[in-house]
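Chemist: What follows is a predicted structure for the sequence shown.
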Amino acid sequence: MVNQTYTADVLVVGGGTGGTAAAIQAARRGAKTILVSEFPWLGGMLTSAGVSAPDGNELEAFQTGLWGAFLQELQQRQPGGLDNSWVSFFSYDPRIGAEIFADWVQELPNLHWISGQVPMEVYRQGDSITGVCFADFAVTAKVILDATELGDLLPLADIPYHWGWELQSKWGEPSAPVTFNSLTQKYPVQAPTYIVIMQDFGESIAPEILAAPNYKPSQFTGAWDGYGAETFLNYGRLPGGLFMMNWPICGNDYGEGVGRLIESDVSRGEFIQESRWHSQNFAHFIQKQLGSHYGLAKKVFPHTHTAFALHPYYRESRRLVGLTTVREQDILPIAKGRVASIFKDAIAVGNYANDHHYPGVQFPLQPKSIRWGGRWTGTPFTIPYSCLIPATTDGFLVCEKNISVSHIANGATRLQPVVMGIGQAAGMAAAICVELNCQPRDLPVRTLQTALLEDNRSKVLIIPLFNLTPNHSDWQHWQLYYLDNPQAYPVSGDCPESAFDKGLIQESNCFKGIFYRREQQEYKFTVTAPAAYQGQSWQLVTLRSHIDKQLRAYPHEQLVTLWGRHNHSGNWLLVEHLNRG
């Protein structure tokens, strides 16, 4: 029974990565905003789902918008810094991430956050969505955003969506299957992971991790073969002796009957319970195999099972049928280039490799990885505004993994930084639609792009450029230039040399040693000073474009002085500055 009806300019349903960014941006723009979340933490993948070692948009030039602001806040608040794991350049305690989002929301008097609620019904008038009903209240708004983890507003609003695979005949995607097969039937979408945080209790014996129902140790046998136990654990190492267990090889990805997620509330609950048990069994296996000092972390997440995330890490959801669909071709590098082609209505950037998870299956995909800065990264691509807009429905936007994207391309568009960028753009668009009294489909995209580029708190990258950061005086000029002249966008992703940006040196330490070039874009460094590290050999990596250029030109077996941060888990030095000799 509805006891109260709220009114707002913008309603965001779902407090995940995209929804949190959308609500914050809409409110910062001045819109009266209501954010309704299912869970007591905001941030979704970055916090409540436990993925506190995020992937993608790691290069300095791509750390923009709310994503860049989030990284800066983490760097200030996380004791010991973010250089902890080897899967990511940024790993942190998820409690600190949740604090940041809560603080950002609390500082906005025009943003009302309600937690612990899920949508029950959607109100429509003709072709427009006008409100959403929850258990005992409703919200009407001028623009409504679906930021749920699984696109739950789409069926409630009777908005067309995709679920599962598309064949190659649909869009001509090179990695799509020609016919439906056993893989497409068993795994209609990518497998989620119920993340569990483990802890090294040192000299103490950790409490025993009990086996959950259906424990089969054979499921996990060989999980760290080829890596070794220490490297396996360091994959998702967090500060304070914690480990994020999000391991795809004979690990805790879970996809048995994954289609149950959208069948009914009961079947979804059954799948979620099974996936948590699967992670509990993986943790039990790790404790049995690697030692009783490894146990479940204490008091991480705010519910009964404190070592387990508040919900699974969903890699795929229902996907909108939008004005534009992002396909595999749109995220792959252009001929002889290291960037994808750009959309004229681009509003966000991603760069992660196309990564699909099907337990026990190796699924080949067209490569979109490049060597850059001494390591592998991904071809940058853009997200168009039109993939957030339903084909035939007004008053509505999506801003999570539920954008209009193919199943294949979702493997790259689903990552945390790009979803945060999508959310920020959707929130900005919704607020401007309120200002202009127009529908999302009628919003002039250049108005939105300019607002994102000029945002006074967290301006957003729209055109991927490796060698230009937002603090450069020419940054906005080149963003607008390539939006106006997409045919001039360089296949290298680099601006003209005159625009080269050295940026700021972050907190780092000085090291001296010998530089070795192993391969193109593979560098080693043997330390001669300080004495505490003498004789150690590390990989050299960088996130900064001018350092990448210097490393590519540096002579083999030469003395070098470096400033940077050592990452024990990755055995690399993240280089911020270098001098010869």
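Modeler: Nice, I can see it.
Chemist: tell me how far the ends of stretch 337-355 are from each other?
Modeler: Criterion Cα to Cα, to the nearest Å; first-to-last residue distance in stretch 337-355 is 20 Å.
Chemist: Now do that stretch, average pLDDT.
Modeler: For stretch 337-355, mean pLDDT rounds to 96.
Chemist: likewise stretch 212-222?
Modeler: pLDDT averaged over stretch 212-222 gives 96.
Chemist: ok now that stretch, how far from the chain's centre?
Modeler: Distance of stretch 212-222 from its chain centroid, counting by Cα atoms, centre = their mean, to the nearest Å, is 29 Å.
Chemist: Name the residues that touch it?
Modeler: Contact with stretch 212-222 is made by 249-251, 274, 276-278, 280-282, 284-285, 288, as judged by Cβ atoms under 8 Å, 6 or more residues apart in numbering. For the C-beta atoms, the positions are set from N, CA and C on the backbone; glycine is no exception.
Chemist: ditto for stretch 154-170
Modeler: Stretch 154-170 is contacted by residues 119-122, 124, 129, 132, 146, 151, 153, 173-174, 176-180, 184, 188-189, 262, 318-321, 390-393, 396, 398, 402, 406-408 when judged by Cβ under 8 Å, 6+ apart.
Chemist: among the contacts of stretch 212-222, which two are most distant?
Modeler: 274 and 288 (20.8 Å; Cβ to Cβ).
Chemist: hang on, the earlier thing: the contacts of stretch 154-170, buried ones only, as a PyMOL selection?
Modeler: With 16 or more other Cβ atoms under 10 Å as the criterion, this PyMOL line picks the buried residues out of the contacts of stretch 154-170:
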select buried, resi 119+122+124+129+132+146+151+153+173+176+177+184+188+189+262+318+319+320+321+390+393+396+398+402+406+407+408
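Chemist: on that earlier part again, from the contacts of stretch 212-222, list the buried ones, please.
Modeler: 249-251, 274, 276-278, 280-282, 284-285.
Chemist: where do the strands sit along the stretch 1-150 of the chain?
Modeler: Per DSSP state E, counting those that start in this stretch, the stretch 1-150 of the chain carries strands over the ranges 4-13, 33-37, 111-115, 121-125, 128-133, 137-146.
Chemist: Can you add mean pLDDT and distance to residue 382 and give the ones you listed back as JSON lines?
Modeler: Formatted as JSON lines, those follow (pLDDT from 0 to 100; distance: least, Cβ to Cβ, whole Å):
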{"stretch": "strand 4-13", "mean pLDDT": "98", "distance to residue 382": "23"}
{"stretch": "strand 33-37", "mean pLDDT": "98", "distance to residue 382": "26"}
{"stretch": "strand 111-115", "mean pLDDT": "98", "distance to residue 382": "28"}
{"stretch": "strand 121-125", "mean pLDDT": "97", "distance to residue 382": "30"}
{"stretch": "strand 128-133", "mean pLDDT": "98", "distance to residue 382": "27"}
{"stretch": "strand 137-146", "mean pLDDT": "98", "distance to residue 382": "20"}
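Chemist: deepest of these, which one?
Modeler: strand 33-37 (a mean of 28; mean count of other Cβ atoms under 10 Å).
Chemist: Distance to residue 377 for the strands of the stretch 1-150 of the chain - can I get that in JSON lines?
Modeler: What follows is the strands of the stretch 1-150 of the chain, written out as JSON lines (distance: least, Cβ to Cβ, whole Å):
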{"stretch": "strand 4-13", "distance to residue 377": "31"}
{"stretch": "strand 33-37", "distance to residue 377": "32"}
{"stretch": "strand 111-115", "distance to residue 377": "34"}
{"stretch": "strand 121-125", "distance to residue 377": "40"}
{"stretch": "strand 128-133", "distance to residue 377": "38"}
{"stretch": "strand 137-146", "distance to residue 377": "30"}
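Chemist: What ranges does the stretch 151-300 of the chain have for its helices?
Modeler: 153-156, 168-171, 182-186, 229-234, 265-290 (DSSP state H, counting those that start in this stretch).
Chemist: Show the low-confidence segments of the stretch 51-200 of the chain, by residue range.
Modeler: Counting by pLDDT under 70, the stretch 51-200 of the chain contains no low-confidence segment.
Chemist: follow-up on the earlier one: just the buried ones among the contacts of stretch 212-222 now: which is nearest residue 537?
Modeler: Nearest to residue 537 among those, with distances taken as Cβ to Cβ, is residue 249, at 26.6 Å.
Chemist: Please name the nearest non-neighbouring residue to the closest one.
Modeler: Spatial nearest neighbour of residue 249, excluding adjacent residues (Cβ to Cβ, 6 or more residues apart in numbering): residue 223 at 5.9 Å.
Chemist: What would stretch 300-318 look like as CSV? C-alpha coordinates only.
Modeler: Taking C-alpha atoms only, stretch 300-318 is exported to CSV below (Å, rounded to 0.1, in the frame of the first residue of the first chain):
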residue,chain,number,x,y,z
VAL,A,300,33.8,-5.8,6.2
PHE,A,301,30.2,-5.7,4.8
PRO,A,302,27.3,-4.4,6.8
HIS,A,303,25.2,-7.6,7.1
THR,A,304,25.2,-11.0,8.8
HIS,A,305,27.8,-12.6,6.5
THR,A,306,30.4,-9.8,6.9
ALA,A,307,33.1,-11.3,4.6
PHE,A,308,30.6,-11.7,1.7
ALA,A,309,29.6,-8.8,-0.6
LEU,A,310,26.1,-7.5,-0.2
HIS,A,311,25.1,-8.9,-3.6
PRO,A,312,26.8,-10.7,-6.5
TYR,A,313,29.0,-8.9,-9.0
TYR,A,314,26.7,-9.0,-12.1
ARG,A,315,28.6,-8.8,-15.3
GLU,A,316,25.5,-8.6,-17.5
SER,A,317,21.9,-7.6,-17.2
ARG,A,318,18.9,-7.0,-19.4
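Chemist: Would you mark the buried spots in it?
Modeler: Buried residues in stretch 300-318, counted by 16+ other Cβ under 10 Å: 300-301, 307-318.
Chemist: Out of those, which comes closest to residue 193?
Modeler: Out of the buried residues of stretch 300-318, the member with the shortest distance to residue 193 (by Cβ to Cβ) is residue 313, at 4.7 Å.
Chemist: if I look at that closest one, how far off is residue 124?
Modeler: Residue 313 sits 32 Å away from residue 124, taking Cβ to Cβ, to the nearest Å as the criterion.
Chemist: so the residue lying closest to residue 34 once chain neighbours are set aside bridges to which residues?
Modeler: The spatially closest residue to residue 34, leaving aside those adjacent along the chain, is residue 8, at 4.3 Å (Cβ to Cβ, 6+ apart). Following DSSP bridges, residue 8 is listed with bridge partners residue 141.
Chemist: Same question for the one 4 residues further on.
Modeler: On the basis of DSSP bridges, residue 12 takes part in beta bridges with residue 35, residue 145.
Chemist: Residue 341 and residue 334 touch, don't they?
Modeler: Yes - using Cβ atoms under 8 Å, residue 341 is in contact with residue 334, at 5.4 Å.
Chemist: Next one: the residue nearest the centre of the chain relative to residue 66, how far apart?
Modeler: In the chain, the centroid-proximal residue (Cα atoms, centre = their mean) is residue 416; its distance is 1.1 Å. To residue 66, residue 416 is 11 Å away according to Cβ to Cβ.
Chemist: coming back round to it: go through the strands of the stretch 1-150 of the chain and name the closest to residue 378.
Modeler: Closest approach to residue 378 among these (Cβ to Cβ): strand 137-146, 26.6 Å.
Chemist: What about the nearest residue to residue 14 once chain neighbours are set aside, how many residues nearby?
Modeler: Among residues not flanking residue 14 along the chain, residue 147 sits closest, at 3.4 Å (Cβ to Cβ, 6+ apart). Residues lying near residue 147 (other Cβ atoms under 10 Å) number 34.
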